[in-house]
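# Let's see this in three dimensions:
(chains A and B)
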Amino acid sequence: MPLLELAGVSKSFGGIVALHEVTLAVAEGEPVGLVGPNGAGKTTLFDCIAGLLEPEAGSIRFGGRRVDGLPPFRRSRLGMARTFQRLELFSGMTPLEHLLVTERTRQGTGRLWKDLVGLGRPTRAERREADALLDLVGLADVADQPVEVLGLGRARLVELARALAAGPRLLMLDEPSSGLDDDEREALASAIERARRELGAAVLLVEHDLDLVAEVVSRLVVLDAGKVIADGGVSTVLADEGVRRAYLGAAR
Amino acid sequence: MTELLSYVLPGVPYGCVYALMAAGLVLTYRASGVFNLAFGAQAYVSALLFSVVVQEGAGTWWAFVLSVVVAGPVMGLLLDGVVFRYTRGAPPLVRLVPALGLMIAIPSVAQMLAGTSTRVPASFVLRPNQVYFHLAGSAVSGEEIGTTLVAFASVAALAALLRSRRLGLRMRAVVESPRMAELHGVRSDAVGSLAWSISSLFAALAGVLLAPIYAQLNASNFTALLVAAIAAAAVGGLESLPLTLVGGIAIGVAQQVIGGYLPSGTILSSGLRPAFPFLVLAVLLVGRRSLRHDGRLDDPLAGCDPPMASLRPAPRMAEVALGAKAFTVALGAAVVAIAVAVVPGNWEFTFTQAAVLSIVMLSITLLTGLAGQISLGQAVFAGAGAFTAGQLAAHFGLPVLAGVLAGGLVAGMLGAIVALPTLSLGGISVGLLTLSFALLADNVLFLYSWSGNGATGLSVPRPKLGGLSFAGTGAFFGLSLVILGIVSGAVVLVRGGTVGRQLAAIRGSETGAASIGIDVARLRIVAFTLSAVIAGVGGALYASLEQSVSPNDFNYQFSLVYVVVVAAVGVYSVAGAIEAALAYTVLLQLVGSLPGRYSSLVALVFGLVALGYVRHPEGVVTYAQSWVLDRAEQLARFLQRDRASGAEAG
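A predicted model of the protein is given here:
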């Protein structure tokens, strides 16, 4: 049984059809790339899966369970974690604090009385875990800086680390490499790889950097004008004539 | 039927003024994404200017030109150029705080310059007081005809302007993305300025035309006018001008009809008429989807803007950090010493007031500073605490200290109830909803004998604990310090705990918080409840300090002033709340020794300081500290280098 299963998912805004009967399955632990030209509906698809948008038709199953209709935080607790194309960081907090709050939330909801008797502070184990994650994504040196002062590239890595701290079964990354320099891109690729190995998480990667995509995933889904136009192995899909026309614009 | 018409017709001119204001609000909202809460204040200033000029003997036309055609647009340009231009696209709190600052600062300047004044009816072609004809048995005066005609003509003109390609289209582009518009050759700032001056002209016009509801020109009547106008704008979904016009007139008419049909002499009938627009606004905010979001737009070029100012001071060198602590203590001691030495007055009492008010301020620190939620109704929670303690003491002989606890609990329940309808709303809408709640409490809820007991109020004794009496101000001061200590400690513990970190996360990004599994709705309720408990405890203690309180001690103006004061001084720390309360009470005491017309000086000072929130959200105290510390750090580095090079040479 696939981990994530979309069947006939459609979504439109006013007259614009953003998604048209998208059907897609991602197996447990499988890395899948999602590519397509700008405006193809990639982010809309992410928002539908994560629960920020409700599709008009179709069903979304996660771990065998219908999740459409569930609010985003419930889907997250079931094991979805994501990054955002437009960053949604906790301004005013440091990368370390981002990870600490995420880990604590994963363990369960906080109790006010525990906080009031001083039991709510981060434990040593949580701190070690957070430090390890920061090392993994290469943010150890800015662990205690407020996220506003980080550049775009490092801010994206904070989002990645936060998503990893949630201990996901499905990791959804929305253009994680945009704005990253070479070192950061390297850290990103190895972080995704390790997340897959250690957590056994499936990955859904939206990305324009096809080299990175090829490095991380083995299967590619191409979206164009809200429709899935190709789904298969990376090299097969990239060689496909229709894909080249829609996405790469190479063949005329 | 005739009876109904006799109530409907007089409502039309009021409604027209609401619609006029509302059209202006819609214009600035559409052109700059800013909800101009200072709009009522602008109308007030023009109205005041008009009546002063007429009373000085100048002709009505001169007065009109000066107060509407000149003063209106000038005010708009000023507000846009100095403040609102810099808040476009900023988070709700950053857009709201300066607007609130202006909302209380502008009327206080006007009041200081002109005092309160009686309204002069304005009409030019028609004689304002002459009855021109009778319709369904009611007299229609020149003022009513004039007001209606001017409102219809102005709204129609504005609608035509917005349809035009030249202005209308550009405005839409600018609000979508000022930078993108500029890349296409539109001068964003110029379009914004134009919108602001036209919109402010509408405010001025509404202020001068102001339907004869109010005999006296005072600022709070204009706040009521503002809220009615917001309700009318909400009817139009903050977009459609015709619907806005209809909404304004409907609200004006409904108010008259309610006043006519409800049995007179009850609180409901006297209170519901002024409160009706607030109810309408509350219902629309919760019910209309289009009003829910924040008006925060996804500017594709937002990345070009410099990042928002950080709330967190940069880490300091150890010596300098120690120096900073010493500096804070020294500054506090100096302020207290100077205050006690120089100025006459009952200082023991003033400092006790400051300690008690600190608790109320802490409720804002928790709700706004920590959780990022906006409430413009904190005084209601304080009032709920105060009245609960008072009622329990009066009817059941409950000891006041138990009453303080009970007050906190009742206020907390009220907080949870208020939080429920806000769950699906964005920041600005939550602010408006809580403001209408505060106005409802002022006009209806707090007037009943079982709650605030109207103008008479309640008496609340000073507390006793076993043989210990806190009747003397000195003993009460000690008690309030202890309670302040407990509450501060609780806030610090919550902030350092799981819930506190989750609240900080939702302040940063609600979407991000939900993405890691935080239940944002539940935490919002927690934040409102906790904050209301704290405000309730503070309010009950305040009642016991003053020994007699009435709803007037907790009216909506206090809700606004408290938020502005805390935001100006420092909303992100416990110390900020205490400093804010201290600064506010001490300034009030100082101003108290000046002539009466300067009584609004305090509001002016804090209102102006709050404008700095856009660039320095950390507040004026922290800003001043870091300014000094930056210099100190430079000096320390310089000395170190000096020593190091000295050692090398040796």
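# Skipping adjacent residues, who's closest to B:Val605 in space?
Closest residue to B:Val605 apart from its sequence neighbours, by Cβ to Cβ, 6 or more residues apart in numbering or on different chains: B:Leu587 at 6.6 Å. C-beta: built from backbone N, CA, C; applies to glycine.
# Now the stretch 551-650 of chain B against chain A: closest residue?
B:Tyr572 (8.0 Å; Cβ to the nearest Cβ).
# I'd say that residue and B:Gly369 touch.
Yes. B:Tyr572 lies in contact with B:Gly369 (Cβ atoms under 8 Å); the separation is 4.5 Å.
# Which of the two has more residues huddled nearby?
Taking other Cβ atoms under 10 Å in any protein chain shown, B:Tyr572 and B:Gly369 do not tie; B:Gly369 has more neighbours (29 against 23).
# quick one, what contacts that one?
Neighbour list for B:Gly369: B:Val566, B:Val571, B:Tyr572, B:Ser573, B:Gly576 [criterion: Cβ atoms under 8 Å, 6 or more residues apart in numbering or on different chains].
# and the residue most central in space within chain A, what are its bridge partners?
The centre of chain A sits closest to A:Met172, judged by Cα atoms, centre = their mean, with a distance of 2.0 Å. Here A:Met172 sits in beta bridges with A:Arg82, A:Leu204, as judged by DSSP bridges.
# ok, so what distance separates it from B:Ala513?
For A:Met172, the distance to B:Ala513 equals 17 Å [Cβ to Cβ, to the nearest Å].
# so A:Leu134 touches A:Leu99, yeah?
Yes. Judged on Cβ under 8 Å, A:Leu134 makes contact with A:Leu99 at a distance of 6.9 Å.
# Compare these two (neighbour count), which wins?
The neighbour comparison of A:Leu134 against A:Leu99 (other Cβ under 10 Å) goes to A:Leu99, with 30 against 22.
# Mind checking what helix or strand follows the strand or helix carrying the more buried one in sequence?
When elements are assigned from DSSP states H and E, A:Leu99 belongs to helix A:95-107. Downstream of helix A:95-107, the next assigned helix or strand under DSSP H and E is helix A:112-116.
# Now the helix or strand following that following helix: average pLDDT?
For helix A:112-116, the succeeding helix or strand toward the C-terminus, using DSSP H and E, is helix A:124-137. Mean per-residue pLDDT for helix A:124-137: 91.
# try stretch B:541-555
Taken as a whole, stretch B:541-555 has an average pLDDT of 93.
# cool, stretch A:66-84 as well?
On average, the pLDDT along stretch A:66-84 is 93.
# how long is that stretch from one end to the other?
23 Å (Cα to Cα, to the nearest Å).
# before we move on, what about stretch A:142-160?
Start-to-end, stretch A:142-160 (Cα to Cα) is 15 Å.
# Could you give the separation of it from the chain centroid?
Here stretch A:142-160 shows a centroid-to-chain-centroid distance of 17 Å under the convention Cα atoms, centre = their mean, to the nearest Å.
# What residues of that stretch count as buried?
With burial defined by 16 or more other Cβ atoms under 10 Å in any protein chain shown, the residues of stretch A:142-160 counted as buried are A:142-143, A:145-148, A:150, A:153-160.
# Out of these, which sit inside strands?
Counting by DSSP state E, those place none of their members in strands.
# Just the closest of those to B:Val191, please.
Distance to B:Val191, by Cβ to Cβ, is smallest for A:Glu148 among those, at 29.4 Å.
# Quick one, grab the pLDDT at residue 89.
Picking chain A for this. pLDDT, A:Leu89: 92.
# ah, no, chain B please
70.
# What is the neighbour count of it?
21.
# can I assume it sits in a helix?
No. Under DSSP: H, G, I helix; E, B strand; the rest coil, B:Gly89 falls outside any helix and is assigned coil.
# Show the backbone phi and psi for it.
Backbone torsions for B:Gly89, taken as degrees, to the nearest 10, come to phi 70, psi 0.
# Do you have the strands of the chain handy? List them.
Let's take chain A. Using DSSP E, the strands of chain A run over A:4-13, A:16-26, A:31-35, A:57-62, A:65-66, A:80-82, A:170-174, A:202-206, A:219-224, A:227-233.
# hm, I was asking about chain B
Going by DSSP E, chain B shows strands at B:117-118, B:131-135, B:138-141, B:216-217, B:458-459, B:464-465, B:468-469, B:548-549.
# Pipe the ones you listed into JSON lines and attach distance to B:Leu284 per row.
As requested, those are exported to JSON lines (distance: least, Cβ to Cβ, whole Å):
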{"stretch": "strand B:117-118", "distance to B:Leu284": "33"}
{"stretch": "strand B:131-135", "distance to B:Leu284": "30"}
{"stretch": "strand B:138-141", "distance to B:Leu284": "30"}
{"stretch": "strand B:216-217", "distance to B:Leu284": "28"}
{"stretch": "strand B:458-459", "distance to B:Leu284": "34"}
{"stretch": "strand B:464-465", "distance to B:Leu284": "48"}
{"stretch": "strand B:468-469", "distance to B:Leu284": "51"}
{"stretch": "strand B:548-549", "distance to B:Leu284": "33"}
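# how about the residues of the stretch 401-550 of chain B that lie near chain A?
Selection of the stretch 401-550 of chain B residues close to chain A by Cβ under 8 Å from any Cβ of the partner chain yields B:490, B:493-494, B:496-502, B:504-505, B:507-509, B:511-520, B:522, B:526, B:530.
# Can you select the buried ones from the residues you listed in ChimeraX?
Buried members of those, defined by 16+ other Cβ under 10 Å, are picked up in ChimeraX with:
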select /B:490,493,494,497,498,499,500,501,502,504,505,507,508,509,511,512,513,514,515,516,517,518,519,520,526,530
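# Filter the residues of the stretch 401-550 of chain B next to chain A down to the ones in helices?
Among those, DSSP state H puts B:490, B:493-494, B:496, B:498-502, B:504-505, B:507-508, B:511-515, B:520, B:522, B:526, B:530 in helices.
# Let me know the pLDDT of B:Val82.
86.
# Give me the common contacts of A:Leu134 and A:Leu99.
In terms of Cβ under 8 Å, 6+ apart, A:Leu134 and A:Leu99 are both contacted by the residues A:Ala161.
# B:Ser488: neighbour count?
Residues lying near B:Ser488 (other Cβ under 10 Å) number 19.
# ok, now which ones touch the closest residue to it other than its chain neighbours?
Nearest non-adjacent residue to B:Ser488, counting by Cβ to Cβ, 6+ apart: B:Val574, 4.9 Å away. Neighbour list for B:Val574: B:Leu362, B:Thr365, B:Ser488, B:Val491, B:Val492 [criterion: Cβ under 8 Å, 6+ apart].
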